[in-house]
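J.: compute the structure for the input listed below.
(6 chains, ligands or ions: 30)
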There are 6 protein chains.
Amino acid sequence: MSDLVTFGETMLRLSPPQGERVETARELEFRAAGAESNVAVTAERLGAVATWLSKLPDSPLGRRVVSGLQQHGVDVDVAWSDQGRQGTYYLEYGGKPRGTNVIYDRKGAAVQTTHPEELNLDAIRKARVFYTSGITPALSNRLRETTAQLLKTAKESGTKTAFDVNYRSSLWSEQEARETLTRLFPAVDILVVPFRDAQQVLNFERDPRQLAHHLAAEYNLQTVIVTNGEKGSLAWHNNTVYEQDIYQSDTHDAIGTGDAFVGAFLARRLSGDDVPRALKYAAATASLKRTIAGDIATVTKPEVEAVIGDDMQDISR
Amino acid sequence: MSDLVTFGETMLRLSPPQGERVETARELEFRAAGAESNVAVTAERLGAVATWLSKLPDSPLGRRVVSGLQQHGVDVDVAWSDQGRQGTYYLEYGGKPRGTNVIYDRKGAAVQTTHPEELNLDAIRKARVFYTSGITPALSNRLRETTAQLLKTAKESGTKTAFDVNYRSSLWSEQEARETLTRLFPAVDILVVPFRDAQQVLNFERDPRQLAHHLAAEYNLQTVIVTNGEKGSLAWHNNTVYEQDIYQSDTHDAIGTGDAFVGAFLARRLSGDDVPRALKYAAATASLKRTIAGDIATVTKPEVEAVIGDDMQDISR
Amino acid sequence: MSDLVTFGETMLRLSPPQGERVETARELEFRAAGAESNVAVTAERLGAVATWLSKLPDSPLGRRVVSGLQQHGVDVDVAWSDQGRQGTYYLEYGGKPRGTNVIYDRKGAAVQTTHPEELNLDAIRKARVFYTSGITPALSNRLRETTAQLLKTAKESGTKTAFDVNYRSSLWSEQEARETLTRLFPAVDILVVPFRDAQQVLNFERDPRQLAHHLAAEYNLQTVIVTNGEKGSLAWHNNTVYEQDIYQSDTHDAIGTGDAFVGAFLARRLSGDDVPRALKYAAATASLKRTIAGDIATVTKPEVEAVIGDDMQDISR
Amino acid sequence: MSDLVTFGETMLRLSPPQGERVETARELEFRAAGAESNVAVTAERLGAVATWLSKLPDSPLGRRVVSGLQQHGVDVDVAWSDQGRQGTYYLEYGGKPRGTNVIYDRKGAAVQTTHPEELNLDAIRKARVFYTSGITPALSNRLRETTAQLLKTAKESGTKTAFDVNYRSSLWSEQEARETLTRLFPAVDILVVPFRDAQQVLNFERDPRQLAHHLAAEYNLQTVIVTNGEKGSLAWHNNTVYEQDIYQSDTHDAIGTGDAFVGAFLARRLSGDDVPRALKYAAATASLKRTIAGDIATVTKPEVEAVIGDDMQDISR
Amino acid sequence: MSDLVTFGETMLRLSPPQGERVETARELEFRAAGAESNVAVTAERLGAVATWLSKLPDSPLGRRVVSGLQQHGVDVDVAWSDQGRQGTYYLEYGGKPRGTNVIYDRKGAAVQTTHPEELNLDAIRKARVFYTSGITPALSNRLRETTAQLLKTAKESGTKTAFDVNYRSSLWSEQEARETLTRLFPAVDILVVPFRDAQQVLNFERDPRQLAHHLAAEYNLQTVIVTNGEKGSLAWHNNTVYEQDIYQSDTHDAIGTGDAFVGAFLARRLSGDDVPRALKYAAATASLKRTIAGDIATVTKPEVEAVIGDDMQDISR
Amino acid sequence: MSDLVTFGETMLRLSPPQGERVETARELEFRAAGAESNVAVTAERLGAVATWLSKLPDSPLGRRVVSGLQQHGVDVDVAWSDQGRQGTYYLEYGGKPRGTNVIYDRKGAAVQTTHPEELNLDAIRKARVFYTSGITPALSNRLRETTAQLLKTAKESGTKTAFDVNYRSSLWSEQEARETLTRLFPAVDILVVPFRDAQQVLNFERDPRQLAHHLAAEYNLQTVIVTNGEKGSLAWHNNTVYEQDIYQSDTHDAIGTGDAFVGAFLARRLSGDDVPRALKYAAATASLKRTIAGDIATVTKPEVEAVIGDDMQDISR
Ligand SMILES: [Ca+2]
Ligand SMILES: [Ca+2]
Ligand SMILES: [Ca+2]
Ligand SMILES: [Ca+2]
Ligand SMILES: [Ca+2]
Ligand SMILES: [Ca+2]
Ligand SMILES: [Ca+2]
Ligand SMILES: [Ca+2]
Ligand SMILES: [Ca+2]
Ligand SMILES: [Ca+2]
Ligand SMILES: [Ca+2]
Ligand SMILES: [Ca+2]
Ligand code: NI
Ligand code: NI
Ligand code: NI
Ligand code: NI
Ligand code: NI
Ligand code: NI
Ligand code: NI
Ligand code: NI
Ligand code: NI
Ligand code: NI
Ligand code: NI
Ligand code: NI
Ligand code: NI
Ligand code: NI
Ligand code: NI
Ligand code: NI
Ligand code: NI
Ligand code: NI
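T.: Ligands and ions are numbered 1, 2, ... in the order given. As a prediction, the model looks like this:
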């Protein structure tokens, strides 16, 4: 029985060395990368027992994904498929003013046809928390339904649900996202919203605190987290708002920062921490992630606690 | 104006270092690879002016293909597309008894929707030879038609046509291949047939010599080349059969051997060599290819001639 | 509950690129490597549920070992220690006449102080097979006792015991080995003996068949396997001897061949195969291992079966 | 027919990984690099049809240069020589306070003996712009004459001439440079002057605006560009001076920044942009170059335009 | 005869590429690294004749250390041992907030049993300066005695002694360090103290100037150097204190900065420079070290002097 | 005082990974390589004290050569020059039928202007053996004289002279070589002649035994060694001929095989071995060299003796 079960697409990420361009590269780094598996790995590494559910092509590429996640101790429980591809993405780090360039090649991925009955629903039913993100329903109509059904399965079994809006404009329009997501929110207990996504998709015009209050009230949420980049994050819980600054970091690879944040928050809530303390862990884990190559936060609990340092004192008492 | 114009799909090839498996690899080599562009590169390198036509996604991946071919001096004249993927393939070298494992990821490639009007048909019309292979019509129904139309375009303008059967069982059944290919052969002038393909697809049961005679007669071909792996090759031309042994080689990478053979044969015929001499070039170039990493035969004319060595004397007289 | 539980030391292997020497190398490959974890990985990959027990330093080095095994799906259940080192070994591939050079740096490894009570004995009790090898008792006096106690624990719970002699002359003398091992054999059900070890340690002078008969009788063994390098292997079972040739292979890395053999044999026996069929799997898996970099046999069941090919027919009937 | 033809030396650049020193390095990156080919590549990539003329040794090293340029689509039209070397240079990135260290090894390069008649003068005659830089006449007496003759050839055929002062103190003294360059300037239409070069070589003591006015008047130039490092650049044209700030960038590799600037300016002028708009492209392309490893600006037009962003609005009107 | 003889442990350093973690790394860089050999290398590179004494395992690992030092011209004169390991350490660069993580694996290193009579004491006796650091007596009781005996040997032969406190909290407690070091100081002529070490180990509470005065008086030292990180350094000599700012640098690898400082100071003193000038060299060399990968300062005298630049004028007079 | 002093050119060798071509490579391995320094390194590694004399450019490239030799313990005593280049060569391994391709870029190397007075002639005078090879006089007229003078210097001081014909057809014609070498032979004590060179340059038509007898008589040599590739070698000494087979090896890199042979022969003769025993060492060392990347034989005495094995018995008695 896992504390945390997540569902979503994991891709293989291909990236040239720093300074090189995909157009002329001769060597690519090769890693597993996906929002929901990133969350599972972070949670597992910080003490939770985590399972990742998905559908993968029965090929060395699908197995490369499994290898990349299992090495961190996550249980991988997937439907193996003879149809559908393994999604990949190419990541080219640029720096200013070029920026980091992402080229998705995920069309026709096996995961897009996942029917709930292909998955280990019992794992969801027995878990304490089920997590997926807004990327999942954006991937196909089938996954739009599957996402709703998995959230429903969780709710019906008393498994809490966690959801990160994670809006990707390359996958769907703001309007599609808004309509789908607002239909999913009633089944969510813990909602994570990047503030930029709220502005863009929900047309929300006020500030992060108001957003949290608004969403909590509108969708009867138990916890709302709003992340706001450099400006920090906040959590609404039991009608109280807790704020958290970011921890400064040198950034080697920013991808997966948000997933590290969510994984850490869930791991600590599962282990009994209160919301502000879990939020502190989340911020510290996110800052560590940025120093690490790849999407995945290969961190340890002592490392996270070293970042928190004295702050800990204030809050642990 | 090019001597040789080729059309077909070029993929990006991703391969782990020797001894590593895709399932656990962290680094992949990254190269352009495609039968028809391999032929164009070899021909260009051996003295022909060559153009490769195709359709590519308008992305760094599409441009990676272009870069990989242009570096050899081939003219690349492609339709850039906002639809469709860049095909890739993963190559894992195994050795005995594991074998070399190829994982194609070419579904939905932009090239599959190529309509002749998207291509520079004038390049074909002005060329001296147009080449494509049996991989092309195997990729989609659209390409089945396009292949036929391009051969027709060539024929109508007096451009000679060359075609390699190149049967890929992962792309179509033997029956589909047989039906399609035999409908294309009448438009072909120079036909290249791996003997194994003839046995498998054409259900031909006799020997390579008889195959060449049979095909030449049946389809009114000008030249028929039958390649037969370690056993060498032969060419039927003007009712004469010329035989050619292989040149022994240490094999670093066997992929592209056949394309190197064809590219060299066409280059030498275009430059005026007679059939047996072009065949000798073809065999020597193929043997050199096997020592070189990647699909592409990065060879020079003096290197090919050094392989041929004294044999040359016999034949140049 | 695992089908197979193994116990032993896993080291980190450091090796320069081919042709380079440790003395002047600047880059080393870095992998997990250990006889008993190699066996667990192979078994897991071929269908068994496998757990590896050990003791590791609580450090990034200990976690590097875990990562290298978990990626293959093996359950890792270790005692984390603040005392003791992580063993390492340097491997320098040489070729003829230099040979492959191994430099062990495993003195004071945490595993050497493992007391049975530090381990998850229940995992052994509930498993169907428990495996360790002659390397384990050679590592320390403590492990000599622990090995005996673990075999006893297994026997008492009805868990079958498997044991590979795996004589390492750098760890102990022939006499020490002989005395210790012959004291352990009575607790063993399935004994694997490299023929060279039998000659060297047991001073056995006759042939592999006679060795198997002799050992089975002497120690009341259920199954005896004798491996004999290029000459193949045999299994004694129920008074019958089954012989098995090796499958020819190109050798990229010979380390771990024996462990791949044992892991495959155990996996297939656990899944119900009879002895000769399991032996065939073992030989095929061992041949595949030799094509793969590192100690670990990153193979799949279909790959093993492809090696066996027609042979399969004869035996499966 | 090319829009732009350039002539000059292209070297092979060898550089150790960051932090490593040439003195102890074991691996070097290997790339083509030369001011005039850098300009051709940038221009080609931004929409011009560009040809690079030069003289190269007929060897794999000469062909390595060709490969490195052709991959970007530039036409390479060189005299192949059996005399003379391929110039190389070693680049060691240092950071503060070590600095970037360049070790030239270009003595006796084949290009130094280039006589105009060895080059495709028709390419120059038919081009719209001919470009070379102050490095070229600094390389040998022969090239001093050849540079003058090529500029003359261009002028006589109505091909506009562009020239970058590009003073290299390792190649000639300030006085030699001054005497030679001022003799060449009358044949130049578009002159590019790094302000530091003007101070050092021309002993010019006033500010960049005055420099531009002065040079335009003195040598009857059509366009004068003065680049001034971090302080930006300006262009004098038709008696008006246009100023352009730099775009901020993270610097991975600063070499080739000036060539990217010039290549972009020429490409945009050739495509009909007015001077201030071409200058904006130049600055944006230069800032992108700094994020890319090697001398060459592997950029695309959309990337350059993304850097320019809103500024574009102001100017395109 | 060497100007400078040093004695101490040199380890092999293993480090993953930037952004990678030891826990999941597949490739490690491999270098020689040790405080006293770092000092010897720096001194040799800046003009001294230097010898490094130590004890090493007679293995490729011990020879790897020798190779890494000899390449810089240092004479290596070691006792080869069949007992004891080669110490290693793993270095993982982190950046903020992760920090650089060092994992020592030096237990049982051969060097720890070094008896003075195993070493070339004549080399010490004939040298002008003998150097070791506080790491050496911290490694074993045997080395505590050996350190004292070597300093005594030097003193008795008129060889000046230099000593860097170099406190490592992982090797011994503050109290052990204090007791041992203060017993060694009377035999020291030139003492180097990182100010942080003085605060931590010597419980010194005042400022660096006072520390220098205090130590000089207390232990009758000839020269005292206090380094104080970003805040610079100072040297007490003949009752005068000379201060020196750091030279700003981009830090690629900070390890070995202190050793570069000491090596340069000693080299310049040996060549006759006065204290403030040697201090300037030390600061400049230290700043260069930070730009270079590995523990070793691969610098040249002209490079150091280029950093000093005009400052030189002031002081050389 | 060195046992062995050698003089000659050492180049920097640049080579792409196996299977890659210089024409398209992006990364090159970087090593020091030269016949006479190869001999010095081998001799030093097998117990001699060796010094290499030469002239190098005062640059990181010259220092790269020094680093590559010093790491093996050879004393490097060179004239540093501000004139002249560092020679380099590109090596591309091919396999059959491509072959290994060497592209020399050594024109204008600093070493070519070496006057004897620039060298440490005392080192030669005090040495027991002085060695150079036929490459040296082939490099320039100046070196033709210098070679003669150095041999004379040695002879006059009672230093024995050793010389390897080492004919390189790319450096001089057979006739030039013949005239020069036969003028040098009278000053030689130990002459090494590849049999192929004797056939080609000396027009010698009989067999290796006869060659040895003939040369010994003609030039009053003390020892003549004739190497004959796969067919083994022989040594003429005191009117007796000793024959030696090669030891079989897997060849990773054949370059430097002959130098390893000579270095080992000289080292063993210097340490007192008789001719047949030194010849055995030479053959064994040469076979080990072939398994090692680069020109240099990074071997140890125990490794060489392990190759010799039982043979040793026969001969040591
Ligand atoms: Ca787990
Ligand atoms: Ca995310
Ligand atoms: Ca072309
Ligand atoms: Ca092919
Ligand atoms: Ca498992
Ligand atoms: Ca094993
Ligand atoms: Ca073009
Ligand atoms: Ca430039
Ligand atoms: Ca020295
Ligand atoms: Ca230090
Ligand atoms: Ca030496
Ligand atoms: Ca040689
Ligand atoms: Ni991972
Ligand atoms: Ni993510
Ligand atoms: Ni990175
Ligand atoms: Ni790598
Ligand atoms: Ni290519
Ligand atoms: Ni390869
Ligand atoms: Ni590498
Ligand atoms: Ni593994
Ligand atoms: Ni390998
Ligand atoms: Ni490398
Ligand atoms: Ni460039
Ligand atoms: Ni870079
Ligand atoms: Ni070294
Ligand atoms: Ni250090
Ligand atoms: Ni680094
Ligand atoms: Ni690489
Ligand atoms: Ni070396
Ligand atoms: Ni190699």
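J.: for the residue of the stretch 201-317 of chain A found nearest chain D, which non-adjacent residue is closest in space?
T.: Residue of the stretch 201-317 of chain A nearest chain D, by CB to the nearest CB: residue A:251 (11.0 Å). In short, each C-beta sits where N, CA and C put it, glycine included. Of all residues not flanking residue A:251 in the chain, residue A:290 sits nearest, at 4.5 Å (CB to CB, 6 or more residues apart in numbering or on different chains).
J.: now do residue A:62
T.: residue A:56 (3.5 Å).
J.: that neighbour: neighbour count?
T.: Other residues near residue A:56 come to 25 when the count uses other CB atoms under 10 Å in any protein chain shown.
J.: specify the local secondary structure of it.
T.: At residue A:56 the chain is in strand, as set by DSSP: H, G, I helix; E, B strand; the rest coil.
J.: that one is in contact with residue A:83, isn't it?
T.: No. With contact defined as CB atoms under 8 Å, residue A:56 and residue A:83 do not form a contacting pair (11.3 Å).
J.: where in chain A is the helix or strand with the lowest mean pLDDT?
T.: helix A:310-316 (a mean of 50; mean pLDDT, DSSP states H and E).
J.: tell me the SS of the residue in the stretch 101-250 of chain A that ligand 2 sits nearest to?
T.: Using CB to the ion, the single residue of the stretch 101-250 of chain A nearest to ligand 2 is residue A:166, 6.0 Å away. Three-state secondary structure (criterion: three-state DSSP) places residue A:166 in coil.
J.: which residues in the stretch 151-300 of chain A form helices?
T.: Taking DSSP state H, counting those that start in this stretch as the criterion, the stretch 151-300 of chain A contains helices spanning A:174-184, A:195-201, A:208-219, A:257-270, A:275-289.
J.: surely residue A:68 is in a helix?
T.: Yes. The assignment for residue A:68 (three-state DSSP) places it in a helix.
J.: burial of it, as a residue count?
T.: Other residues within reach of residue A:68, judged by other CB under 10 Å, total 29.
J.: for the one 5 residues further on, same thing?
T.: Residue A:73 sits with 18 neighbouring residues when counted by other CB under 10 Å.
J.: again, but for the one 3 residues further on
T.: By the other CB under 10 Å criterion, the neighbourhood of residue A:76 contains 19 residues.
J.: over to residue A:120?
T.: For residue A:120, the neighbour count with other CB under 10 Å is 16.
J.: which residue is the nearest non-sequential neighbour of it?
T.: Nearest non-adjacent residue to residue A:120 (CB to CB, 6+ apart): residue A:77, at 4.9 Å.
J.: so that neighbour touches residue A:50, yeah?
T.: No. With contact defined as CB under 8 Å, residue A:77 does not reach residue A:50; the gap is 10.9 Å.
J.: okay, stretch A:166-175 in CSV with CA atoms only?
T.: Provided in CSV are the C-alpha atoms of stretch A:166-175 (Å, rounded to 0.1, in the frame of the first residue of the first chain):
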residue,chain,number,x,y,z
ASN,A,166,0.2,22.9,-14.7
TYR,A,167,-1.2,24.7,-17.7
ARG,A,168,0.7,24.0,-21.0
SER,A,169,-0.4,26.3,-23.8
SER,A,170,1.1,23.9,-26.3
LEU,A,171,-1.4,21.2,-25.4
TRP,A,172,-4.7,23.1,-25.3
SER,A,173,-6.3,26.5,-25.4
GLU,A,174,-7.0,28.6,-22.3
GLN,A,175,-10.7,28.0,-22.9
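J.: hmm, that stretch touching chain D?
T.: No. Stretch A:166-175 is not in contact with chain D by CB under 8 Å from any CB of the partner chain; minimum separation 15.6 Å.
J.: list the contacts of that stretch.
T.: The contact list for stretch A:166-175 (CB atoms under 8 Å, 6 or more residues apart in numbering or on different chains) reads A:35, A:104, A:133-135, A:138-139, A:177, A:180, A:194, A:197, A:200-201, A:258.
J.: could you export these as CSV, including neighbour count?
T.: Below are the contacts of stretch A:166-175 laid out as CSV (neighbours: other CB atoms under 10 Å in any protein chain shown):
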residue, neighbour count
A:35, 26
A:104, 14
A:133, 28
A:134, 26
A:135, 22
A:138, 23
A:139, 24
A:177, 23
A:180, 18
A:194, 22
A:197, 23
A:200, 16
A:201, 24
A:258, 24
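J.: which of those sits closest to residue D:10?
T.: residue A:104 (36.2 Å; CB to CB).
J.: which parts of chain A sit against ligand 6?
T.: Residues of chain A lying near ligand 6 by CB under 5 Å from the ion: none.
J.: what does chain A put close to chain F?
T.: Counting by CB under 8 Å from any CB, chain A comes close to chain F at residue A:26.
J.: how about the residues of chain A near ligand 13?
T.: A:68, A:296.
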